[in-house]
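no FASTA, just this:
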């Protein structure tokens, strides 16, 4: 009898029973509420338990997605982001090969990326079937985004979106046994903003005992500057002509709020900086900067780490809409802007130019920003946890012009979903199945054993290169660039009018010129 012919699986959760269905030999449950709808009196507040339900709830379709603006015309051809209407957006999905108590399989909990403003668990690239096929219970989570999840207000608690994720993680720990999972073998995994979120949760005392392993894909543990997040909220409030309070924002039509959010964040990117939403230190769930907590305080002891980046992260930020050519034409202005963005002295770009004499301004800027924001902190975290950390670099270039091995390109390989149209939007045609087999198997092995199959981090800085041809381990492949940051004097970040008389003033002005120039191109 085929798996699809079996009776639909029914599992009891803390709030009621759910009925899934069998697909390709695994049981799938979609749209299970882990918290109440975060609207009405619950808006901008920490998550609350959902109302229990009687009978058996259908869990065969994805639940509503969190409110979010669509991707811009420049990014929509490359990235998919389904929108499902409804208020019950704090939901999760489970793929399991063995929906029965006692199986005790490893569990992987997935936090999607999207700059904390976009993304959802219903993206087809994130289908968990391959993980379940290979013996891992896979869980993907929706959480509040943008101003609803990460706005900073004087009359509401910070980080409600991060609290959503913590609530989902607790739900998994308490409930996953019924789906065949082992609550003692939970791997928290995320990409981009999802990895930043995973790093923040990893550092939080409230997650002790909930996480056995963690995967950080193209995102470091970090906290955002509170003033930067406040500026985003104030910019929205100015456009809406309302006070910058949660009470006032709650009165605004949701579609109007999303359009205003998209306009206010138009120039927010890792390269351009600018106001943006982010996880902030709140004295509670985020008691201090997560990287410092993990490196200096020894938070999350005993947790195995798998961390990495793509070779050309920046190309997804600059290629859509032709921005990479714009930055190349700006030349010295773009380099000065990158120096200010990273608070770097003149010796840093000079060092990059010496190491990469044939690179254009956009490549120098992109790699500088990537190293400063991503590779340096991940190296620092691995240095603090030798023997239990494994690092990788994804280096396979997309078949689409100009993208290279860009941000998010590795996802179809990790999930073994490279054949779905949504993966081809970023990878083009001809993505090698052999690389998918290798990467997906490494993530499965890590979730199962803590060892993805290559040398753990030590003084030789081993990094697994996953690209064209056979994977191999390189020792210190980025060390020359990263060493520039420790030997060159840094320029302090300008903080006020007085700084325009300081050496950093010319760099601050360059950032403004770069943003104006790129902003004009986008318009």
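Here it is on my side, so go on. Quick caveat: nothing in here was measured; it's all calculated off a predicted structure.

for the stretch 1-150 of the chain, what spans make up the strands?
Residue ranges of the strands in the stretch 1-150 of the chain, as given by DSSP state E, counting those that start in this stretch, are 10-13, 16-19, 21-23, 26-33, 56-58, 91-96, 105-111, 137-141.

Take those and write them to JSON lines, including mean pLDDT and mean neighbour count.
Where you see a C-beta, it was placed from the backbone N, CA and C, and this is true even at glycine. Output for the strands of the stretch 1-150 of the chain, formatted as JSON lines (pLDDT from 0 to 100; neighbours: other CB atoms under 10 Å):
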{"stretch": "strand 10-13", "mean pLDDT": "96", "mean neighbour count": "18"}
{"stretch": "strand 16-19", "mean pLDDT": "98", "mean neighbour count": "18"}
{"stretch": "strand 21-23", "mean pLDDT": "96", "mean neighbour count": "17"}
{"stretch": "strand 26-33", "mean pLDDT": "98", "mean neighbour count": "24"}
{"stretch": "strand 56-58", "mean pLDDT": "98", "mean neighbour count": "15"}
{"stretch": "strand 91-96", "mean pLDDT": "98", "mean neighbour count": "27"}
{"stretch": "strand 105-111", "mean pLDDT": "98", "mean neighbour count": "26"}
{"stretch": "strand 137-141", "mean pLDDT": "98", "mean neighbour count": "29"}
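
So which of those is nearest residue 348?
Residue 348 sits nearest to strand 105-111 of all the strands of the stretch 1-150 of the chain, at 31.8 Å, using CB to CB.

Could you pull up phi and psi at the residue lying closest to residue 320 once chain neighbours are set aside?
Using CB to CB, 6 or more residues apart in numbering and skipping residues adjacent in sequence, the residue nearest residue 320 is residue 74, 4.0 Å away. Here the main-chain torsion angles of residue 74 (degrees, to the nearest 10) amount to phi -70, psi -40.

Now do residue 74, the pLDDT please.
The predicted structure scores residue 74 at 91 on the pLDDT scale.

That one contacts residue 319, doesn't it?
No: using CB atoms under 8 Å, residue 74 and residue 319 do not qualify as a contacting pair, with a distance of 9.1 Å.

between these two, who's got more neighbours?
Using other CB atoms under 10 Å as the criterion, residue 74 and residue 319 rank with residue 319 on top: 22 against 13.

Spit out the contact partners of that one.
Taking CB atoms under 8 Å, 6 or more residues apart in numbering, we find residue 319 in contact with 402, 403, 406.

Please convert those to JSON lines, extending it with neighbour count, pLDDT and distance to residue 355.
Putting the contacts of residue 319 into JSON lines (neighbours: other CB atoms under 10 Å; pLDDT from 0 to 100; distance: CB to CB, whole Å) gives the following:
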{"residue": "402", "neighbour count": "15", "pLDDT": "96", "distance to residue 355": "22"}
{"residue": "403", "neighbour count": "22", "pLDDT": "97", "distance to residue 355": "23"}
{"residue": "406", "neighbour count": "28", "pLDDT": "98", "distance to residue 355": "21"}
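
circling back: so which of the strands of the stretch 1-150 of the chain gets nearest residue 275?
Closest approach to residue 275 among the strands of the stretch 1-150 of the chain is made by strand 105-111 (23.0 Å; CB to CB).

List the contacts of that closest one.
Counting contacts by CB under 8 Å, 6+ apart, the residues outside strand 105-111 that touch it are 96-98, 121, 126, 128, 131, 135-141, 143, 165, 168-169, 172, 176, 180-183, 185-191, 194-195, 197-198, 443, 447-448.

Can you give me every residue that contacts residue 59?
Contacts here follow CB under 8 Å, 6+ apart; on that basis residue 59 touches 18, 19, 20, 29, 30, 31, 32.

Residue 18 too?
Counted by CB under 8 Å, 6+ apart, residue 18 has contacts 10, 11, 12, 29, 32, 56, 57, 58, 59.

okay, now the closest residue to residue 404 other than its chain neighbours: neighbour count?
The spatially closest residue to residue 404, leaving aside those adjacent along the chain, is residue 312, at 3.6 Å (CB to CB, 6+ apart). For residue 312, the neighbour count with other CB under 10 Å is 24.

Quick check: residue 312 touching residue 408?
No: the pair residue 312 and residue 408 does not pass the contact test of CB under 8 Å, sitting 11.3 Å apart.

Closest to residue 439 out of the contacts of residue 59?
Within those, the smallest distance to residue 439 is 24.9 Å, found for residue 30 (CB to CB).

Since that was my last question, I'll sign off now.
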